[in-house]
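Peer 1: I'd like to go over a predicted model; first the sequence, then the structure.
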Amino acid sequence: MVSTTNARPIIIAGVDEVGRGALFGPVVAGATVLDAKATDYLATLGVTDSKRLTAQRRAALVPCIQAQAVTYAIGWASAREIDRLNILQASLLAMRRAIGRLTVRPELCLIDGNQRIPDLEIPQQTIVKGDQSQMAIAAASILAKVWRDTLIVRLDRRYPGYDLASNKGYGSARHRAAIAQLGKSPQHRQSFKVASQLTLPT
């Protein structure tokens, strides 16, 4: 979003992450900056929280978001970083990396959730369920979700047997059974206890 205060434009980025609850692969964050025209247009297309959209609809919206955004970027933290830092800190790291890759520096970042990003040299505001109320955050959530899902499908060919193309790295019954039989791959989060994981994406 590009807002104005005293006639001076303020560049606002929306930031969200996906993959926190998965057993496999990175946690991925998206960041977008939208102007007022893009915000209105994407609203007419039904852009909202990525979890409320089908996979097909998310994929169809990605090129629209990319074409309309002032700037957008993806950041991630690897499974190894998740194990080293913990999932919360790795998620915040992925967000900071996404913001750092924007080609236009925002003056304010709207962060989905209630956790501030450490060491971010830009003013920030956390918004619980921001992907349902802020178009820039919703757009970021869609970009991050599609990017991560595409990566996991590609990794399914490298690490067969875990049903990754279907579960996208989350703890489905088939995925947990495969881990019990095959063990964890190098892309699995070694610090995550399989039996305690939720099966739904976050």
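Peer 2: Nice, thanks for sending it over.

Peer 1: where do the strands sit along the chain?
Peer 2: Listed in chain order, the strands of the chain (DSSP state E) span residues 2-5, 8-18, 27-33, 71-77, 108-112, 124-127.

Peer 1: what angle sits between the fifth one and strand 8-18?
Peer 2: Per axes from the mean of the first three to the mean of the last three Cα atoms, to 10 degrees, the angle that strand 108-112 makes with strand 8-18 is 30 degrees.

Peer 1: give the pairing partners of strand 108-112; include direction for each.
Peer 2: For strand 108-112, sheet partners with direction are given as strand 8-18 (parallel), strand 124-127 (parallel), following DSSP bridges.

Peer 1: buried residues, the longest one. List them.
Peer 2: Of all the residues in strand 8-18, those buried under the rule 16 or more other Cβ atoms under 10 Å are 11, 12, 13, 14, 15, 16, 17, 18. For every residue, glycine as well, the C-beta is placed using N, CA and C.

Peer 1: give me the mean pLDDT for it.
Peer 2: Per-residue pLDDT over strand 8-18 has a mean of 92.

Peer 1: one step back: for the strands of the chain, give me a markdown table that also has distance to residue 158.
Peer 2: Rendered in a markdown table, the data for those read as follows (distance: least, Cβ to Cβ, whole Å):
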| stretch | distance to residue 158 |
| --- | --- |
| strand 2-5 | 41 |
| strand 8-18 | 20 |
| strand 27-33 | 18 |
| strand 71-77 | 17 |
| strand 108-112 | 30 |
| strand 124-127 | 36 |
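
Peer 1: so which of those gets nearest residue 181?
Peer 2: Closest to residue 181 of those is strand 27-33 (Cβ to Cβ; 25.6 Å).

Peer 1: what's the mean pLDDT across the closest one?
Peer 2: The predicted model gives strand 27-33 an average pLDDT of 98.

Peer 1: need the strands paired with strand 108-112 in TSV (columns: distance to residue 157).
Peer 2: Formatted as TSV, the strands paired with strand 108-112 follow (distance: least, Cβ to Cβ, whole Å):
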stretch	distance to residue 157
strand 8-18	21
strand 124-127	37
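
Peer 1: the helices in this structure, which residues?
Peer 2: Secondary structure of the chain (DSSP state H): helices at 36-44, 55-68, 79-85, 87-100, 135-158, 164-167, 173-182.

Peer 1: save the ones you listed as JSON lines, and put in mean pLDDT too.
Peer 2: Shown next, in JSON lines, are these (pLDDT from 0 to 100):
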{"stretch": "helix 36-44", "mean pLDDT": "97"}
{"stretch": "helix 55-68", "mean pLDDT": "98"}
{"stretch": "helix 79-85", "mean pLDDT": "98"}
{"stretch": "helix 87-100", "mean pLDDT": "98"}
{"stretch": "helix 135-158", "mean pLDDT": "98"}
{"stretch": "helix 164-167", "mean pLDDT": "98"}
{"stretch": "helix 173-182", "mean pLDDT": "96"}
